[in-house]
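A.B. asks: Mind folding the following:
(one chain, ligands or ions: 1)
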Amino acid sequence: MIGISFGSFLNVVADRVPQRKSIVSPPSHCFNCGHVLEARDLIPVVSYLVLKGRCRYCGAGIPLRSMLVELITGLLFVLAWAVLGLQWQLPVVLLYICILIVLSITDLESGFLPGIIIYPSIGIVLIITLVKILAGLSPDIIGAGIGFIAGFGFFFLIWCIAWLIKKVVIGFGDVLMGGLIGLMVGFPLVAAAIYVAVLMGGLTVILMVILKLWKLNQPIPFALFLASGAVVTLLWGREISNLISLLVT
Ligand SMILES: [Zn+2]
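C.D. replies: The predicted structure follows:
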């Protein structure tokens with residue numbers, strides 16, 4: 001329930017922040033008729049189902065995305081709780097999941113990550129990382145730093161190559177997001193996050209091209225895959241580390 005409520009808030013953030021609108025006022029309203037929504041219209045998931053996806057006042061369709069985001073956020077919160085248990089990492093991972101969801105929605109819907117979304121995200125993660133280090137919870141300042149540089153550097157390299165051959169493969173927002181997930185998971189786990197992201201992105205693009213849903217040369221909404229790689233690594237980082245050390249030795 002907490003996750004679903006957060007999902008509801010993330011919808012508002014993803015709708016308003018890229019347009020530089022306040023996230024507190026005006027209150028939630030219909031995109032079509034502008035009618036201010038009442039409490040009974042604002043119950044996450046339930047209101048959407050009761051109203052059959054239509055505005056109570058004008059009948060215009062409510063974007064399905066709002067319900068999907070609420071459900072996915074709720075499911076990811078439950079998953080994080082189930083995997084990590086109640087410990088100090090849980091609220092940090094939940095906050096990271098929220099940031100990754102907003103970045104994914106923005107990239108999927110607008111095709112790029114505007115600075116007003118990506119820079120504050122990096123700022124929040126940077127502050128949390130510093131707090132973790134100062135509190136002695138995660139004293140790995142070098143790991144976080146190298147994680148950021150590795151994540152940023154890997155995608156910056158791809159971005160440079162793409163620029164040289166004059167093809168748009170990823171946007172600069174994706175490069176910054178590479179740094180962001182590196183900061184979240186640290187080094188060497190950033191490599192696992194990138195591996196999962198590139199694998200999932202690649203497989204999805206191949207599938208979409210085969211199904212003729214995607215034309216090559218179209219930029220890939222890569223934030224979603226980066227976010228997926230980061231979530232997998234945040235939840236199963238320890239298992240992945242063990243697996244890597246097992247393979248290396
Ligand atoms: Zn309406």
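
A.B. asks: From the ion, how far out is Ser25?
C.D. replies: Noted for Ser25: a distance of 19 Å to the ion, by CB to the ion, to the nearest Å. Using the backbone N, CA and C atoms, a C-beta is placed for each residue, glycine as well.

A.B. asks: same deal with Leu68?
C.D. replies: Relative to the ion, and taking CB to the ion, Leu68 is found at 20 Å.

A.B. asks: contacting residues for that residue?
C.D. replies: With contact set as CB atoms under 8 Å, 6 or more residues apart in numbering, Leu68 has no partners.

A.B. asks: Contact distance from the ion - what residues of the protein qualify?
C.D. replies: Contact residues, the chain versus the ion (CB under 5 Å from the ion): Cys30, Asn32, Cys33, Cys55, Tyr57, Cys58, Ala60.

A.B. asks: show me where pLDDT drops low in this structure?
C.D. replies: Per-residue confidence of the chain (counting by pLDDT under 70) places the weak regions at 139, 216-218.

A.B. asks: please redo it, this time with the cut-off set to 80
C.D. replies: 136-140, 166-169, 213-220, 244, 248-249 (pLDDT under 80).

A.B. asks: How are the strands of it distributed by residue range?
C.D. replies: Remark: no strands are assigned in the chain by DSSP state E.

A.B. asks: How is the chain divided into domains?
C.D. replies: With domains defined by automatic domain parsing, the chain comprises 1-86, 109-249.

A.B. asks: Could you work out the end-to-end span of the longest one for me?
C.D. replies: Going back to what we said before, that points to domain 109-249. Distance between the two ends of domain 109-249: 44 Å, counting by CA to CA, to the nearest Å.

A.B. asks: ok, so what distance separates the residue positioned nearest the centre of the chain from Leu235?
C.D. replies: The residue lying closest to the centre of the chain (CA atoms, centre = their mean) is Leu100, at 1.8 Å. Look at Leu100 and Leu235: by CB to CB, to the nearest Å, they are 12 Å apart.

A.B. asks: what's the answer for Val24, then?
C.D. replies: On the measure of CB to CB, Val24 and Leu235 end up 31 Å apart.

A.B. asks: again, but for Phe222
C.D. replies: Taking CB to CB, one finds Phe222 at 20 Å from Leu235.

A.B. asks: That concludes my questions; thank you for your assistance.
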